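# Let me see the structure of the following:
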Amino acid sequence: MTTREKHDRMANAIRFLSMDAVEKANSGHPGLPMGAADIATVLFTRFMTHDPKTPQWPDRDRFVLSAGHGSMLLYSLLYLLGYEDVTIDEIKNFRQLGSRTAGHPEYGHAAGIETTTGPLGQGLANSVGMALAERILNAQFGDDLVDHYTYVLVGDGCLMEGISQEAISLAGHLRLNKLIVMWDDNGISIDGAVSLADSTDQSKRFEASGWNTLKADGHDPEAIAAAIEEARKSDRPTMIAFKTTIGYGAPTRAGTSKAHGSPLGAEEIAATRKALGWTSAPFVIPSEILDDWRLAGLRSAKERKEWEKRLAGAEADIRSEFERRMRGDLPGGFETAIADYKKKLAHDKPKVATRKSSEMALEVINECLSETIGGSADLTGSNNTRTPQTKPITPTDYSGRYVHYGIREHGMAAAMNGMALHGGVIPYGGTFLVFSDYARPAMRLASLMGLRVGFVMTHDSIGLGEDGPTHQPVEHMAALRAIPNHLVFRPADATETAECWQIAMETKTRPSTLALTRQNLPAVRTEFSEENLCALGAYELSVASDDPSVTLFATGSEVEIALAAQKVLEGRGHATRVVSVPSFELFAEQSKDYQEALIGKAPVRVAIEAGIRQGWDRFIGEDGIFVGMTGFGASGPYEALYKHFGITAEAVVEAVSARFA
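Next comes the predicted model:
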């Protein structure tokens, strides 16, 4: 057992690394690491199952620092425990360009950083996805291969953000009992006391959401350990309210907002050294304390080796499937299955909404890939995200492959990020495109982290009809296309939808959004092509009869309009070609020669999309014709709306003809 003196010295190592790094950077948040150092020390020396020498061990416990501004807590831990990526030089370079120790923890910068946090509440919601992925994989592979905890440290800000309620109510409903939330209950936020803005009884809120709740002194190591021990035995997720002092040990700033988000200053740090009996120079950890931490880092090495023996002893097919899924590789036969399906589509030429096309593609994908986990924010029948292979996941049975997320778009998106971060599963989930606004912060973080997550966004335009402008996306395609490292697809028919889904599944390092129609669309790809044409981002769908004088660019439901306009224009002697543009992002990645050839030199260029013009000038130029939306939609049957807003073949023909008048 760790003596109190030894514990204090180990916790103080975190405190002084944190305050010294923030001081050197002249930027950062020393208060949380100083206040939560005791909690972190107990967690990592007595409970966390992990191995700094094998940081990607699949059955490790996950630690999420949801209060990402306290990043020096995590970086100090990683250095002290012996994670090779975080050296003392990285600690000294905190918040500097090119360092692994960014202002907020960034996934991929260093082993041991399980997710990117900073936008408050996101880490908490990610942890719900991680804990859910653990239960799903446990149901599939058993206790021998998957049996670990997810610990998350949250602050007052995380619990004030609305996403926290979506996350905790979902976790409570699903009874994710291996999820343990540790609340750094210090009563301070940037503006001052939390009581300035909030008087919520957080324990009661968690209890009402189906959680086990505990309270403990966050500076008493035995009380901390007893609470965590009790939480690990619960049949429900647990929130432990650890009462702490922000900036613990700082003589004049402890317990105040001045400790939160700025350096303590040389004078206060000197006084803190004196108060806590720390005589070492900045960034120097006495060898006996560092040795104690490095030993703590080795505490799970034996368990990790035993786990590796169990994996090696598993049946060959189970072992290979587990390893494949944790690598994120798709199984052999996936490409063939998609090609066979595309042949069938070329033969059948179905006239269906692309949301239905998506469901049809998912039936093929979910049959091939055992790792896909579907879901919807209470719109299963509208999003068409459930297939025969995806039985529901319930609080008593995690063997299913479908999550009923409830009306929690933001929580759903962030939980899917957590599932992708955990590994072994590929999540996708649906809502209406207009409600991507509710999910966008998590969609942005999926892009920043480079996660394979599928966002199924149906009802993609005024084509949804009678629900009207509150539900009709207008600016949303442009808004999502603005997110870096995010693939946005708007397929025109069943074949394009299948190709877009294939790309989404094969792309490991970025998320994909599929914008899909409510209304039925004809097949526009009527001949089988082994090549995935959507992977080009844009391609010539229908050639002109002669040297083209008109090029029509379109996406999704408007490709049908472009093809109808082409017929009329050709009949009037205007050689016209049609280009389908399923993905701006993939087109931008093609060679310059391909892009120039595809855009072509036709004197009249037209873009047709039932959204705003933003982003289209790269195809049509500033003097190009845009047929689409300039404001919000309206309530009415979709056929009437397309006529009302002038998004018709006739309108295209009229606009083009005017250029030749």
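
# All the helices of the stretch 301-450 of the chain, residue numbers only.
In the stretch 301-450 of the chain, the helices defined using DSSP state H, counting those that start in this stretch lie at 301-313, 316-327, 334-348, 354-368, 380-383, 409-422, 436-449.

# and these, which is most packed in?
helix 409-422 (a mean of 29; mean count of other CB atoms under 10 Å). For the C-beta atoms, the positions are set from N, CA and C on the backbone; glycine is no exception.

# just to revisit the earlier point, of the helices of the stretch 301-450 of the chain, which is nearest residue 184?
Nearest to residue 184 among these is helix 409-422 (19.9 Å), distances taken as CB to CB.

# tell me what that closest one is packed against?
Other helices and strands packing on helix 409-422, by 3 or more CB pairs under 8 Å, 6 or more residues apart in numbering; DSSP states H and E, are helix 122-141, helix 162-174, strand 372-376, strand 426-432, helix 436-449.

# For the ones you listed, give me TSV that also has distance to residue 538.
Formatted as TSV, the helices and strands packed on helix 409-422 follow (distance: least, CB to CB, whole Å):
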stretch	distance to residue 538
helix 122-141	33
helix 162-174	36
strand 372-376	28
strand 426-432	24
helix 436-449	21
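
# Now render the ones you listed as JSON lines, adding mean pLDDT and distance to residue 661.
Output for those, formatted as JSON lines (pLDDT from 0 to 100; distance: least, CB to CB, whole Å):
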{"stretch": "helix 122-141", "mean pLDDT": "99", "distance to residue 661": "55"}
{"stretch": "helix 162-174", "mean pLDDT": "98", "distance to residue 661": "54"}
{"stretch": "strand 372-376", "mean pLDDT": "98", "distance to residue 661": "49"}
{"stretch": "strand 426-432", "mean pLDDT": "98", "distance to residue 661": "41"}
{"stretch": "helix 436-449", "mean pLDDT": "98", "distance to residue 661": "40"}
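
# which residues sit in contact with residue 250?
Listed by CB atoms under 8 Å, 6 or more residues apart in numbering, the contact set of residue 250 reads 19, 34, 259, 264, 268, 271, 272, 275.

# which of those count as buried?
Those of the contacts of residue 250 that meet the buried threshold are 19, 34, 259, 264, 268, 271, 272, by 16 or more other CB atoms under 10 Å.

# Now stretch 215-226 - C-alpha only, PDB.
Provided in PDB are the C-alpha atoms of stretch 215-226 (Å, rounded to 0.1, in the frame of the first residue of the first chain):
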ATOM      1  CA  LYS A 215     -19.100  11.500  -3.100                       C
ATOM      2  CA  ALA A 216     -15.600  11.600  -1.700                       C
ATOM      3  CA  ASP A 217     -12.800  14.000  -0.700                       C
ATOM      4  CA  GLY A 218     -10.700  14.500  -3.800                       C
ATOM      5  CA  HIS A 219      -7.600  15.100  -1.700                       C
ATOM      6  CA  ASP A 220      -7.800  12.000   0.500                       C
ATOM      7  CA  PRO A 221      -6.200   9.100  -1.300                       C
ATOM      8  CA  GLU A 222      -7.900   6.400   0.700                       C
ATOM      9  CA  ALA A 223     -11.300   8.000   0.200                       C
ATOM     10  CA  ILE A 224     -10.600   8.300  -3.500                       C
ATOM     11  CA  ALA A 225      -9.500   4.600  -3.700                       C
ATOM     12  CA  ALA A 226     -12.600   3.500  -1.800                       C
END
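
# before we move on, back to that, for residue 117, find the nearest of the helices of the stretch 301-450 of the chain.
helix 436-449 (8.8 Å).

# Could you list the residues in contact with the closest one?
Helix 436-449 has contacts (CB under 8 Å, 6+ apart) with 106-108, 115-116, 119, 122, 125, 163, 409-410, 412-414, 416-417, 420-421, 431, 453, 455, 457, 473, 476, 479-480, 483-486, 510-511, 513.

# now with 7 Å?
107-108, 116, 119, 122, 409-410, 412-414, 417, 431, 453, 455, 457, 476, 480, 483-486, 510-511 (CB atoms under 7 Å, 6 or more residues apart in numbering).

# Tell me if I'm right that residue 540 and residue 580 touch.
No. Taking contacts as CB atoms under 7 Å, residue 540 lies outside contact range of residue 580: 8.2 Å.

# higher neighbour count, the two?
residue 580 (29 against 17; other CB atoms under 10 Å).

# Run a quick neighbour tally on the closest residue to the more buried one other than its chain neighbours.
Using CB to CB, 6 or more residues apart in numbering and skipping the chain neighbours, the partner closest in space to residue 580 is residue 541 (4.4 Å). Other residues within reach of residue 541, judged by other CB under 10 Å, total 21.

# now swap in residue 15 and tell me
For residue 15, the neighbour count with other CB under 10 Å is 28.

# any idea how far residue 32 is from it?
Separation of residue 15 from residue 32 (CB to CB, to the nearest Å) stands at 11 Å.

# And residue 74, by the same measure?
Taken as CB to CB, the span from residue 74 to residue 32 is 10 Å.

# next one: residue 38
12 Å.

# same thing with residue 567?
Between residue 567 and residue 32 the distance is 65 Å, computed by CB to CB.

# quick one, which of the two is more surrounded?
Set side by side, residue 567 and residue 32 give different neighbour counts by other CB under 10 Å, the larger being at residue 32 (28 against 13).

# contacting residues around the residue nearest to that one when sequence neighbours are not counted?
For residue 32, ignoring the flanking residues on the chain, the nearest one in space by CB to CB, 6+ apart is residue 70 at 3.0 Å. Residue 70 makes contact with 29, 32, 33, 36 under the criterion CB under 7 Å, 6+ apart.
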